[in-house]
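Novice: Return a 3D structure for these sequence lines:
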Amino acid sequence: MNDFFAPKPKENEPWDTAIIGSGPAGLTAAIYLTRGAASTILFAGDQWGGQLMLTTQVDNYPGFPEGILGPDLMSKIRSQAARFGTEIIEQNVTSLEKKDKIFIIKAGEKNFFSKSVIITTGAKTRWLEVPGEEKLRGRGVSSCAPCDAPFFKDKKVAVIGGGDSAMEEALVLTKYASEVTIIHRREEFKASQAMQKKVMSNEKIKIVWNSEVVEFIGETNLEKIKIKNTLTQKEKEIDFEGAFVAIGHDPASEIFKGLLELDEKGYIKKFEKNGFKTATSQKGIFVAGDVHDSHYRQAITAAGFGCMAAMDALNYLDKDTPSW
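Specialist: Model (predicted):
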């Protein structure tokens, strides 16, 4: 055991920091907090590890030149956090409130107490929920072009969606795929005009209007996509080796409504106060990862935000800043 381990609090006494969420942001924050001698409890939830637990090969996380499976990467980061004394609770947090200067976190049937909180609950991809989608995730069906585009070099791929994120996915894919087809259920995009102009002027991109995906087809890998015309209701199958679902993400911020300020999409707002870069609208609560970051949504950026939030929390604990 390392000398810098902070002692765990006694029953009904507060931890220095409670982390809600167990993806790269949460576990990285735990590593920095425990090494900073802060007693740390992390609520991993009953499905810990974030979106990387649903991925196969990860080739863009530094330190793994041969790549690493998503669940293996998360297991390594979790082991590192546990090594330094992080208390990990595999239960979902159902409520968070503040009384005086102490936060009360309810998980299961028990209340836990903390002097500060870091929220790293992430965001979930909106999937189409059509036949074949779940079976073929990681086998041709993806939701992240910056993560997986290199696997589709010289292949024919589809992007499903019509917003800015769909346009961005399509443009990234043109650097690798031989042909990119955007499938959109309406006759016009809702993406910004600037993004639409980039897409329309790219000769690698084709567009299928007024169509929705009704099935992903393939045994071990994606082979075809069945689409239905929303005007005629006619269905047809098109050969594709890759498909990227880009219809948005939903931040896991529901239980924080009323306590924290959220933006119009439900992402937790950050406020730079007293030198803290990851502060929220509530004194003592910090945020990291995809629950506030709707732009990058990468494991490495989430980990970076987790480091920042941990350093802010340590500074907050040291100063107990009276003004906010």
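Novice: Give the pairing partners of the worst-scoring helix or strand of the chain on mean pLDDT; include direction for each.
Specialist: The weakest-scoring helix or strand in the chain, judged by mean pLDDT, DSSP states H and E, is strand 57-58 (a mean of 82). Sheet partners assigned to strand 57-58 using DSSP bridges are listed as strand 68-69 (antiparallel).
Novice: Helix or strand next in line after the strand it pairs with, which one?
Specialist: Next in sequence after strand 68-69, counting helices and strands by DSSP states H and E, comes helix 70-83.
Novice: pLDDT on the very next helix or strand once past that following helix, on average?
Specialist: Reading on from helix 70-83 to the C-terminus, the next helix or strand found by DSSP H and E is strand 87-89. Strand 87-89 comes out with an average pLDDT of 96.
Novice: What's the end-to-end length of stretch 197-206?
Specialist: For stretch 197-206, the first-to-last residue distance is 13 Å (CA to CA, to the nearest Å).
Novice: any idea how far it is from the chain center?
Specialist: Relative to its chain's centre, stretch 197-206 lies at 28 Å (CA atoms, centre = their mean, to the nearest Å).
Novice: check contacts around Pro14.
Specialist: Contacts here follow CB atoms under 8 Å, 6 or more residues apart in numbering; on that basis Pro14 touches Ile102, Phe103, Phe113, Ser114, Lys115. Any C-beta I mention is one placed from the backbone N, CA and C, and that applies to glycine too.
Novice: part of a strand, is the second one?
Specialist: Looking back up the chat, that one is Phe103. Yes - counting by DSSP: H, G, I helix; E, B strand; the rest coil, Phe103 is part of a strand.
Novice: Name whatever forms a beta bridge with it.
Specialist: Going by DSSP bridges, Phe103 forms beta bridges with Lys98, Ser114.
Novice: Just to be sure, Lys198 is in a helix?
Specialist: Yes - assessed by three-state DSSP, Lys198 belongs to a helix.
Novice: Could you measure from it over to Met167?
Specialist: Using CB to CB, to the nearest Å, Lys198 is found at 7 Å from Met167.
Novice: ok, now Ile77?
Specialist: The gap separating Ile77 from Met167 is 32 Å, by CB to CB.
Novice: on that earlier part again, give me the contact list for the least confident helix or strand of the chain.
Specialist: Residues outside strand 57-58 that contact it (CB under 8 Å, 6+ apart) are Leu52, Phe64, Gly67, Ile68, Leu69, Gly70, Leu73, Cys147, Phe151, Ala299.
Novice: want to try a markdown table for those residues, with distance to Ser253 as columns?
Specialist: What follows is those, written out as a markdown table (distance: CB to CB, whole Å):
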| residue | distance to Ser253 |
| --- | --- |
| Leu52 | 20 |
| Phe64 | 31 |
| Gly67 | 32 |
| Ile68 | 29 |
| Leu69 | 29 |
| Gly70 | 23 |
| Leu73 | 25 |
| Cys147 | 23 |
| Phe151 | 31 |
| Ala299 | 20 |
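Novice: List the residues that contact Val208.
Specialist: Contacts of Val208 by CB under 8 Å, 6+ apart are Thr181, Ile182, Ile183, His184, Ile227.
Novice: sorry, back to before: okay if I get the contacts of Pro14 as JSON lines plus pLDDT?
Specialist: Converted to JSON lines, the contacts of Pro14 look like this (pLDDT from 0 to 100):
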{"residue": "Ile102", "pLDDT": "95"}
{"residue": "Phe103", "pLDDT": "97"}
{"residue": "Phe113", "pLDDT": "97"}
{"residue": "Ser114", "pLDDT": "96"}
{"residue": "Lys115", "pLDDT": "96"}
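Novice: Mind checking which of the residues you listed are buried?
Specialist: For these, a burial check counting by 16 or more other CB atoms under 10 Å picks out Phe103, Phe113, Ser114, Lys115.
Novice: My guess is the third one contacts Trp15. True?
Specialist: Read it as Ser114. Yes - if you go by CB atoms under 8 Å, Ser114 and Trp15 touch, sitting 4.6 Å apart.
Novice: hey, what's in contact with both of the two?
Specialist: Jointly contacting Ser114 and Trp15 under the rule CB under 8 Å, 6+ apart are Ile41.
Novice: on that earlier part again, buried ones among the contacts of strand 57-58?
Specialist: Looks like the contacts of strand 57-58 have Leu52, Ile68, Leu69, Gly70, Leu73, Cys147, Phe151, Ala299 buried, using 16+ other CB under 10 Å.
Novice: so what's the backbone phi/psi at the residue of the chain positioned farthest from its centre?
Specialist: Residue distances from the centre of the chain (CA atoms, centre = their mean) peak at Thr232, which lies 36.9 Å from the mean C-alpha position. Here is the backbone geometry of Thr232 (degrees, to the nearest 10): phi -100, psi -20.
Novice: which residues of the stretch 51-200 of the chain fall in strands?
Specialist: For the stretch 51-200 of the chain, the strands defined by DSSP state E, counting those that start in this stretch cover 57-58, 68-69, 87-89, 93-99, 102-107, 110-119, 123-125, 141-142, 156-160, 179-183.
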